[in-house]
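1. Whatever this is, show me its structure:
(one chain, ligands or ions: 2)
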Amino acid sequence: MTHPNGVLRTLQVALGERSYPIHIGTGLLSRSESIVPYLAGQQVMIVTNETIAPLYLEALTQCLPETLDVRSVVLPDGEQYKSVEQVGRIWDALLEAGFNRRCTLIALGGGVIGDMVGFAAASYQRGVAFIQIPTTLLSQVDSSVGGKTGVNHPLGKNMIGAFWQPKAVVVAIDSLDTLPDRELSAGLAEVIKYGFIRDAAFLSWLEANMTALRQRDPETLAEAIARSCQIKADIVAEDETEQGVRALLNLGHTFGHAIEAHQGYGNWLHGEAVGAGMAMAATLSRELGAIDDAALDRALAVIESAGLPLAAPAEMTREHFLTHMRRDKKNIDSRLRLVLLNALGDACISDATPPERLAALLDAYPRA
Ligand code: NAD
Ligand code: GLY
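-> Ligands and ions are numbered 1, 2, ... in the order given. So this is what the prediction gives:
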């Protein structure tokens, strides 16, 4: 049943005095009840992009109380604009508006906007408040929760950034109505990831409900978003700054980030690269004897059923992969650390993959 304020469920990210809610509901982009309690003061800067602004910016601006000083910045759309230059445009707008330390930034968009706005909030006047209003499935189940913020560098994905938690996450499920199918599939990669790393029952549920999810059945989407956010919230509460268990959230990302960086940001969607990357991690887990053929087949089938690629890009050689993988943030000293599967629903972080086994995988893995 829908609550009068549109909120269907509220989860909590438990981080002591920096705890915050994740409100999940419908119609939340045109009502202020889930947003206003988390504003630090009267100054509000909404940051969005050229695709999302015509869809949702006016509704959001209009619903906020007239007493607030509400401004907006509209950035270009695309992973290739997830850069320190674009964060500079947010800083410029804040300074030009004369915003002080009690201002609040609102990230209205997908993970690219959310990551950049979080970093702008972390750094403006040494840290101001921000609220995440994620509008892609990927950002609703993953990037808006947990406080990882930042930008890409030409030499590596997400290499510049900070941990900075939002004051609230407001998930408007109905914003997915306008999301292209390819982007929905990209978001499903991160949903499947939670099943792989932590929750075999959720993985079975996803196998049974993949068609409904791809048809955007609202109840099924709400369930997938809530279960995903709960798993992420639990992991972040346990290990906010990725000293241990949080690294499991990088399943498929070591291979995936290499694909994204090598192919040029924006050519492969982040979720697509994670999909193929999880298929590579599952295949390596099979090669190392950690999972059996049946588990590998199931893993590949669920990734494929979400509309995600399994094969790696044709032009990427073993050396291309290794060059990027050696820069991965999980590595300690010069040891490559990979997230591998012990079983479906159980992952581990390993720095013990023999280099020749990894090289063999990278040579033999199917290319598109
Ligand atoms: P994105 O932000 O580029 O959004 C995808 C596309 O959908 C864009 O073109 C966007 O304009 C459009 N869009 C967004 N909402 C829409 C809507 N409601 N209707 C129509 N179009 C809409 O990509 P993404 O997949 O949301 O996020 C990927 C980014 O998130 C990557 O940079 C990745 O590194 C980052 N990420 C961060 C974390 C984290 O923990 N901080 C976790 C996972 C991913
Ligand atoms: N998406 C990885 C993390 O939040 O840790």
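2. and the stretch 51-200 of the chain, which of its residues are near ligand 1?
-> Where the stretch 51-200 of the chain comes near ligand 1, counting by Cβ under 6 Å from any ligand atom, the residues are 51-52, 55, 77, 79, 82, 109-113, 115, 135-136, 138-139, 142-143, 146, 148, 158, 175, 178-179, 183, 186. Where C-beta positions appear, they are placed from N, C-alpha and C, glycine not excepted.
3. from these, which would you call buried?
-> 51-52, 77, 79, 82, 109-113, 115, 135-136, 138-139, 142-143, 146, 148, 158, 175, 179, 183, 186 (16 or more other Cβ atoms under 10 Å).
4. Okay, and which of those residues map to helices?
-> Among these, DSSP state H puts Gly111, Val112, Ile113, Asp115, Leu138, Glu183, Ala186 in helices.
5. Return the residues of the stretch 151-300 of the chain in contact with ligand 2.
-> So the stretch 151-300 of the chain meets ligand 2 at Arg246, Leu249, Asn250 (Cβ under 6 Å from any ligand atom).
6. Give the buried subset of the residues you listed as a ChimeraX selection command.
-> With 16+ other Cβ under 10 Å as the criterion, this ChimeraX line picks the buried residues out of those:
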select :246,249,250
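7. I'd like the residues of the stretch 151-300 of the chain next to ligand 2 laid out as JSON lines, including pLDDT.
-> Output for these, formatted as JSON lines (pLDDT from 0 to 100):
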{"residue": "Arg246", "pLDDT": "98"}
{"residue": "Leu249", "pLDDT": "98"}
{"residue": "Asn250", "pLDDT": "97"}
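8. From the residues of the stretch 151-300 of the chain next to ligand 2, pick the one nearest Val191.
-> Nearest to Val191 among these, counting by Cβ to Cβ, is Leu249 at 12.3 Å.
9. State the helix or strand in which the residue lying closest to Leu206 once chain neighbours are set aside lies.
-> Residue nearest to Leu206 in three dimensions, not counting chain neighbours: Gly195, with 5.5 Å by Cβ to Cβ, 6 or more residues apart in numbering. Using DSSP states H and E, Gly195 maps to helix 181-198.
10. Toward the C-terminus from that helix, list the very next helix or strand.
-> Scanning forward in sequence from helix 181-198 by DSSP H and E, the next helix or strand is helix 200-214.
11. what helices or strands is that following helix leaning on?
-> Other helices and strands packing on helix 200-214, by 3 or more Cβ pairs under 8 Å, 6 or more residues apart in numbering; DSSP states H and E, are helix 181-198, helix 218-238, helix 293-305.
12. tell me the most buried of those?
-> Highest mean neighbour count of the helices and strands packed on helix 200-214: helix 181-198, a mean of 24 (counted as mean count of other Cβ atoms under 10 Å).
13. what sits against the closest residue to Ala314 other than its chain neighbours?
-> Counting by Cβ to Cβ, 6+ apart, Ala314 lies nearest to Arg367, which is 4.5 Å off, once chain neighbours are set aside. Neighbouring residues of Arg367 by Cβ atoms under 8 Å, 6 or more residues apart in numbering: Ala311, Ala312, Pro313, Ala314, Met316.
14. Neighbour-wise, which one of those residues leads?
-> Of all the contacts of Arg367, Ala312 has the most neighbours under the rule other Cβ atoms under 10 Å, reaching 25 neighbours.
15. how much space between it and Ala273?
-> According to Cβ to Cβ, to the nearest Å, Ala312 and Ala273 sit 9 Å apart.
16. Please apply the same query to His324.
-> 11 Å.
17. More neighbours: which of the two?
-> Between His324 and Ala273, counted using other Cβ under 10 Å, the more crowded position is Ala273 (29 against 22).
18. pLDDT weak spots in the stretch 251-368 of the chain?
-> Filtered on pLDDT under 70, the stretch 251-368 of the chain yields no residues whatsoever.
19. Indicate the residue of it located nearest to ligand 2.
-> His253 (7.1 Å; Cβ to the nearest ligand atom).
20. That residue: what's it in contact with?
-> Val274, Gly277, Val339.
21. if we go to 7 Å?
-> Contacts for His253 (Cβ atoms under 7 Å, 6 or more residues apart in numbering) come out as Val274, Gly277.
22. start at 81 instead
-> Let's use 81 as the start, then, which means that last one is His333.
23. And for stretch 355-365, what's in contact with it?
-> Residues from elsewhere that reach stretch 355-365, judged by Cβ under 7 Å, 6+ apart: 269, 273, 276, 331-336, 339, 371, 376, 379-380, 383, 386, 388-392, 418-421, 441, 445.
24. measure the residue of the stretch 331-448 of the chain closest to ligand 2 to ligand 1 for me?
-> Distance from His333 to ligand 1, counting by Cβ to the nearest ligand atom, to the nearest Å: 8 Å.
25. Many thanks, have a good one.
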